[in-house]
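Colleague: sequence? don't have it. structure:
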């Protein structure tokens with residue numbers, strides 16, 4: 001086991017904690033990560049890495065070459081953005097920005113990768129090159145493709161790319177991943193129904209009522225998955241927004257109503273079925289009631305698919321730190337992750353690291369106002385990245401210290 005890596009990183013763990021809490025106090029949402037990117041770039045330069053900024057907007061890449069000869073290169077990726085959530089924690093490092101907080105742990109993800117960069121800069125006993133990728137706008141599902149379009153893998157060629165995310169409810173000291181599909185593709189959809197509207201009390205018979213169409217549609221949406229996909233096929237389809245009419249005029253039938261929701265899937269064929277059936281149901285139900293319908297469909301990110309041949313590399317890197325018995329296989333999840341775009345370009349693995357669980361089994365999940373990244377796992381996450389570099393770029397036992 002590589003406890004030497006973990007012990008070395010723990011020597012500067014207090015600095016990592018302060019970096020993480022500083023980022024947490026100053027959350028920046030998608031493509032606004034100017035302060036965070038500046039902090040990242042400054043630390044990387046301080047530790048002697050080559051640094052490129054402004055990639056895909058506010059993305060940063062730090063490059064470190066090993067002292068042993070080698071032509072292979074890998075990319076390690078962390079996300080930097082926060083969420084539009086009002087934090088309810090009252091600790092000293094709580095968000096100072098109203099309506100924004102690091103409710104998904106990207107402050108910790110960024111800090112863990114910085115910790116690995118610092119360690120590897122002082123211990124470059126590997127053969128090849130490591131590119132440390134700090135990505136903006138993961139929560140919007142647009143940061144990864146923005147970096148890719150900006151030439152990420154042309155400017156910083158890699159043979160493989162790797163990601164990691166904290167998981168509340170998974171105990172500290174445990175890791176988990178799986179081969180093949182791991183997280184779902186995530187899309188947004190919306191339908192706008194148009195009628196004539198009218199006086200709901202005096203002359204409803206003279207109007208075409210879009211709210212009636214909406215009611216039928218909301219029920220019909222629930223038939224799409226069980227009656228159009230195979231029973232063993234995993235997917236999710238939910239409504240998250242309905243709007244129509246004026247609160248102050250309940251006697252007026254609205255001429256327009258809007259419904260929006262999300263779709264999650266693991267197979268492209270399922271995505272196509274969901275999109276087709278949403279349009280068919282919306283248009284057919286609207287026509288039956290003398291109305292019209294317009295569907296909008298936004299494909300946000302594809303499924304996150306791990307390269308099966310790379311999973312043993314990731315699990316070995318984690319097992320070297322915590323033991324094989326603490327590295328498990330995580331179930332499929334319909335959560336979405338835009339690291340999927342990078343995995344479409346290069347083989348690699350998305351790893352889960354335990355963020356902890358209370359003795360009574362409770363925990364604050366991500367995307368909630370009481371969540372906080374667990375500083376106890378900063379050194380462990382950084383050590384995982386360093387161990388992974390050793391697995392992929394080949395230091396021999398005893399060379400890392």
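Modeller: All right, it came through fine. Because the structure is a prediction, the values reported are computed rather than measured.
Colleague: that's a strand at residue 146, yeah?
Modeller: No: secondary structure of residue 146 (DSSP: H, G, I helix; E, B strand; the rest coil): helix, not part of a strand.
Colleague: just checking, it touches residue 54?
Modeller: No: look at residue 146 against residue 54 with C-beta atoms under 8 Å: they stay out of range, at 11.0 Å. All C-beta atoms are positioned from the backbone trio N, CA, C, and that covers glycine.
Colleague: which one's more surrounded, those two?
Modeller: Comparing residue 146 with residue 54 by neighbour count (other C-beta atoms under 10 Å), the higher total belongs to residue 146, at 22 against 11.
Colleague: distance of the more buried one relative to residue 57?
Modeller: 6 Å (C-beta to C-beta, to the nearest Å).
Colleague: need the residues touching each of those two.
Modeller: 31, 136, 137 (C-beta atoms under 8 Å, 6 or more residues apart in numbering).
Colleague: filter those down to the buried ones, PyMOL style.
Modeller: To isolate the buried members of these in PyMOL, using 16 or more other C-beta atoms under 10 Å:
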select buried, resi 31+136+137
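Colleague: just the shared contacts of residue 146 and residue 57 now: which is nearest residue 150?
Modeller: Taking C-beta to C-beta as the measure, residue 150 lies nearest residue 136 of the shared contacts of residue 146 and residue 57, at 11.0 Å.
Colleague: give me the most central residue, this structure.
Modeller: Computing the C-alpha centroid of the chain and ranking residues by C-alpha atoms, centre = their mean puts residue 337 first, at 3.5 Å.
Colleague: give the helix, strand or coil label for that residue.
Modeller: coil.
Colleague: just to revisit the earlier point, export the shared contacts of residue 146 and residue 57 to a markdown table and tack on distance to residue 61 and secondary structure?
Modeller: Shown next, in a markdown table, are the shared contacts of residue 146 and residue 57 (distance: C-beta to C-beta, whole Å; DSSP: H, G, I helix; E, B strand; the rest coil):
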| residue | distance to residue 61 | secondary structure |
| --- | --- | --- |
| 31 | 16 | coil |
| 136 | 12 | coil |
| 137 | 15 | coil |
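Colleague: how about stretch 198-217: buried residues?
Modeller: 198, 200, 207, 208, 209, 210, 211, 212, 213, 214, 217.
Colleague: show me what counts as buried in stretch 126-146.
Modeller: Quick answer for stretch 126-146 (16+ other C-beta under 10 Å): 126-139, 141-146.
Colleague: give me the contacts around the lengthiest helix in the chain.
Modeller: Scanning the chain for the longest helix, with DSSP state H as the assignment, gives helix 268-288. Applying C-beta under 8 Å, 6+ apart, the set of residues contacting helix 268-288 from outside is 185, 187, 189, 191, 193-194, 210, 213, 216-217, 220-221, 224-225, 228-229, 233, 235, 237, 263, 265, 292-293, 295, 297, 299.
Colleague: among those residues, which are in helices?
Modeller: The helices, defined by DSSP H, take in 210, 213, 216, 217, 220, 221, 224, 225, 228 from those.
Colleague: ok, of these, which one's closest to residue 44?
Modeller: residue 225 (45.3 Å).
Colleague: could you pull up the residues touching the closest one?
Modeller: With C-beta under 8 Å, 6+ apart, residue 225 has these contacts: 235, 236, 237, 274.
Colleague: let me see the ranges of the helices in this protein.
Modeller: Taking DSSP H to define them, one finds helices in the chain at 3-10, 13-25, 34-46, 106-122, 143-149, 152-155, 210-221, 224-228, 268-288, 311-322, 339-345, 378-393.
Colleague: show me what the longest strand belonging to the chain is packed up against.
Modeller: Across the chain, the strand with the greatest residue count (assigned by DSSP state E) is strand 68-79. Here strand 68-79 is seen to pack against helix 106-122, strand 127-135, strand 160-168, helix 339-345, helix 378-393 when contacts are counted using 3 or more C-beta pairs under 8 Å, 6 or more residues apart in numbering; DSSP states H and E.
Colleague: rerun that using 7 Å as the cut-off
Modeller: Other helices and strands packing on strand 68-79, by 3 or more C-beta pairs under 7 Å, 6 or more residues apart in numbering; DSSP states H and E, are helix 106-122, strand 127-135, strand 160-168, helix 378-393.
Colleague: now distance to residue 330 and mean pLDDT too, for these, in JSON lines please.
Modeller: Formatted as JSON lines, the helices and strands packed on strand 68-79 follow (distance: least, C-beta to C-beta, whole Å; pLDDT from 0 to 100):
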{"stretch": "helix 106-122", "distance to residue 330": "17", "mean pLDDT": "98"}
{"stretch": "strand 127-135", "distance to residue 330": "22", "mean pLDDT": "98"}
{"stretch": "strand 160-168", "distance to residue 330": "8", "mean pLDDT": "98"}
{"stretch": "helix 378-393", "distance to residue 330": "15", "mean pLDDT": "97"}
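Colleague: for residue 315, find the nearest of the ones you listed.
Modeller: Nearest of the helices and strands packed on strand 68-79 (C-beta to C-beta): helix 378-393, 9.6 Å.
Colleague: what does that closest one contact?
Modeller: 2, 5-6, 9-10, 13, 16-17, 20, 66, 70, 72, 74, 76, 108, 111-113, 115-116, 119-120, 126-128, 130, 160, 162, 164, 313-314, 316-318, 320-321, 353, 400 (C-beta atoms under 7 Å, 6 or more residues apart in numbering).
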